[in-house]
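Visitor: Kindly generate the corresponding structure for this input.
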Amino acid sequence: MSDSSLIQNVDLFLDDKPAVFALRQKALNILNKTGFPSPKNESWKYENLSPLLNHNFLVSTDEHICGHDCCGHSSSFSPYIEIKFCHGKLHIEEYNTPQGITITSLPLALYEGEHKQYIFNSFNMEQHPFAALNGRYLEQGLCIQIDKNTRLKTPLHIKYNQNNCDNLQLNIHNLIIAEKNTNIDIIEEFTSNTSESYFINIVNEFYLKQDARVTHYKIQKENLAAYHIALNAVKVQNNATYKQYYLANGAKFSRNENLINLEQQEAQAEIYSAYTAKKNCLTDITTNINHKQPHTYSNQYAKAVLEDNAVAVFQGKIHILPNAVKTSGNQLHKALYLNDNASLNCKPELEIYADDVKCSHGASCGEIDKEQLFYLTSRGIGKQEAIQLLTSAHLNEIIALIPNEQIKDLFIS
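Guide: Predicted structure coming up:
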């Protein structure tokens with residue numbers, strides 16, 4: 001039985017809707033049964049969750065929807081379809097969406113009973129307690145559906161502005177359903193204008209039908225008192241491809257977890273991560289890719305910079321089921337230490353139950369190249385600026401892989 005202050009008895013919007021109430025109650029029952037993770041849980045053994053679990057974060061449960069004045073209107077000149085969350089609440093705006101995509105708030109979709117076959121169907125809540133916590137407060141989020149044969153040229157930009165969120169717990173759940181032969185770029189950007197602590201708990205469920213292409217860009221640049229936990233649960237069907245580009249450069253505690261199931265033949269997943277573990281902070285990237293069918297492909301590539309007293313965690317697992325022959329799965333992690341007091345916990349895993357597969361994993365770590373540092377400083381560049389140039393070059397190998405130049409600029413800025 002969990003006794004964390006994160007679980008609170010509150011009045012929830014839509015609790016009068018039986019299906020929604022049942023989902024919330026199921027999540028609460030699971031959470032009370034399993035409790036929150038501890039170092040005894042294998043996938044959480046490197047994290048100390050006590051500061052988060054013992055913090056008395058408040059859940060915002062009123063029906064206030066953030067107004068335009070807090071972070072401005074969406075620009076008509078933006079190269080993106082912009083959607084904003086602020087204070088954990090979705091802006092009410094008329095989205096200028098092209099034909100072929102439908103964007104509704106998750107509460108409305110749940111109220112109307114749409115897509116109920118998708119909600120909490122991409123993962124097991126008993127294995128993901130913070131996703132169960134998210135389900136306990138199922139209220140905020142988006143339902144995004146891309147219709148069959150729709151190939152969007154304009155990226156969707158979801159901005160999470162943690163403005164005036166001091167001491168708040170924010171739970172947001174998004175459904176993204178890409179029908180057959182679709183293509184979409186989705187950007188998630190997390191920022192904050194406060195120096196106070198808050199906790200944001202995100203669940204994204206992606207469903208990629210046959211021949212769908214979803215490129216998921218995530219930028220996490222929150223303050224160094226924030227707690228950030230995210231689960232991206234992805235189901236990929238025949239000849240569909242899910243790509244993720246992730247940049248982490250903030251938060252006292254952040255964990256970006258990917259659970260990807262390659263459900264049918266020719267399904268593909270690629271995960272590219274560039275992150276800086278800040279001083280006295282913990283940054284966790286955990287990925288579990290399940291190859292369920294033959295001729296599936298996955299690739300994970302991460303590069304890290306570790307500052308003084310920082311802790312980084314990389315857990316990358318490739319699981320190949322018995323019938324998933326002629327499958328390819330690769331993962332690689334490279335870390336750059338800026339200080340001897342930094343700590344890296346790297347756990348690449350291969351779990352192979354099929355013959356005729358190609359798999360690899362590797363990890364490396366090192367310090368700043370002293371010759372490169374001397375070369376820059378000898379030409380009049382200050383030491384700290386030279387270190388910044390070298391660390392940026394280390395991470396930019398990942399950022400350079402981004403195919404969209406405008407989105408690449410978001411990662412660099």
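Visitor: And the helices in the protein?
Guide: Here the chain has its helices, by DSSP state H, at 18-34, 50-53, 106-111, 129-136, 370-377, 383-399, 405-412.
Visitor: residues making contact with the shortest one?
Guide: Pointing back at helix 50-53 there. Contacts of helix 50-53 with the rest of the structure, by Cβ atoms under 8 Å, 6 or more residues apart in numbering, involve 4, 5, 6, 36, 199, 227, 253. C-beta here means a position set from N, CA and C on the backbone, and glycine is covered the same way.
Visitor: chain center to it, what's the gap?
Guide: In terms of Cα atoms, centre = their mean, to the nearest Å, the gap separating the centre of helix 50-53 from the centre of its chain is 20 Å.
Visitor: ok, now the fourth one?
Guide: From the chain centre to the centre of helix 129-136 is a distance of 15 Å (Cα atoms, centre = their mean).
Visitor: Which elements pack onto that helix?
Guide: On a contact count with 3 or more Cβ pairs under 8 Å, 6 or more residues apart in numbering; DSSP states H and E, helix 129-136 meets helix 18-34, strand 168-178, strand 199-208, strand 227-236.
Visitor: Format those as TSV; extra columns: distance to residue 87 and mean neighbour count.
Guide: Supplementary listing: the helices and strands packed on helix 129-136 in TSV, determined by distance: least, Cβ to Cβ, whole Å; neighbours: other Cβ atoms under 10 Å:
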stretch	distance to residue 87	mean neighbour count
helix 18-34	21	16
strand 168-178	8	23
strand 199-208	11	25
strand 227-236	16	25
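Visitor: low-scoring stretches of the protein, by residue?
Guide: Along the chain, the parts satisfying pLDDT under 70 run over 1-3, 11, 16, 61-77, 92-95.
Visitor: need the strands for the stretch 251-400 of the chain, in chain order.
Guide: Secondary structure of the stretch 251-400 of the chain by DSSP state E, counting those that start in this stretch: the strands cover 253-262, 268-277, 282-291, 297-306, 311-320, 328-337, 343-352, 358-367.
Visitor: For residue 239, which of those is the nearest?
Guide: strand 268-277 (8.3 Å; Cβ to Cβ).
Visitor: From the contacts of helix 50-53, keep the buried residues only.
Guide: Neighbour-count burial within the contacts of helix 50-53 applies to 4, 6, 36, 199, 227, 253; the criterion is 16 or more other Cβ atoms under 10 Å.
Visitor: Quickly list what the last one is bridged to.
Guide: Each beta-bridge partner of residue 253 is listed here, defined by DSSP bridges: residue 227, residue 282.
Visitor: ok, it touching residue 278?
Guide: No. Taking contacts as Cβ atoms under 8 Å, residue 253 lies outside contact range of residue 278: 10.7 Å.
Visitor: picking that back up, widest-spaced pair of the contacts of helix 50-53?
Guide: Using Cβ to Cβ, the pair of those lying farthest apart is 5 and 253, separated by 16.1 Å.
Visitor: and residue 370, how many residues sit next to it?
Guide: By other Cβ atoms under 10 Å, the residues close to residue 370 number 8.
Visitor: Could you check how far it is from residue 376?
Guide: When Cβ to Cβ, to the nearest Å is applied, the distance between residue 370 and residue 376 equals 11 Å.
Visitor: Also residue 282?
Guide: Spatial separation of residue 282 from residue 376 under the definition Cβ to Cβ is 30 Å.
Visitor: Likewise for residue 304?
Guide: For residue 304 relative to residue 376 (Cβ to Cβ), the value is 21 Å.
Visitor: In terms of neighbours, single out the busier of these two.
Guide: Neighbour tally, residue 304 and residue 376, criterion other Cβ under 10 Å: the higher count belongs to residue 304, 27 against 17.
Visitor: ok, that one - contacts?
Guide: Residues near residue 304 by Cβ under 8 Å, 6+ apart: 274, 275, 276, 277, 283, 312, 314, 333, 334, 335, 336, 344.
Visitor: how does it look with 7 Å?
Guide: When contacts are counted by Cβ atoms under 7 Å, 6 or more residues apart in numbering, residue 304 touches 275, 277, 312, 335, 336.
Visitor: could I get those residues as a markdown table with neighbour count and distance to residue 395?
Guide: Converted to a markdown table, those look like this (neighbours: other Cβ atoms under 10 Å; distance: Cβ to Cβ, whole Å):
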| residue | neighbour count | distance to residue 395 |
| --- | --- | --- |
| 275 | 26 | 8 |
| 277 | 27 | 12 |
| 312 | 28 | 13 |
| 335 | 21 | 11 |
| 336 | 21 | 9 |
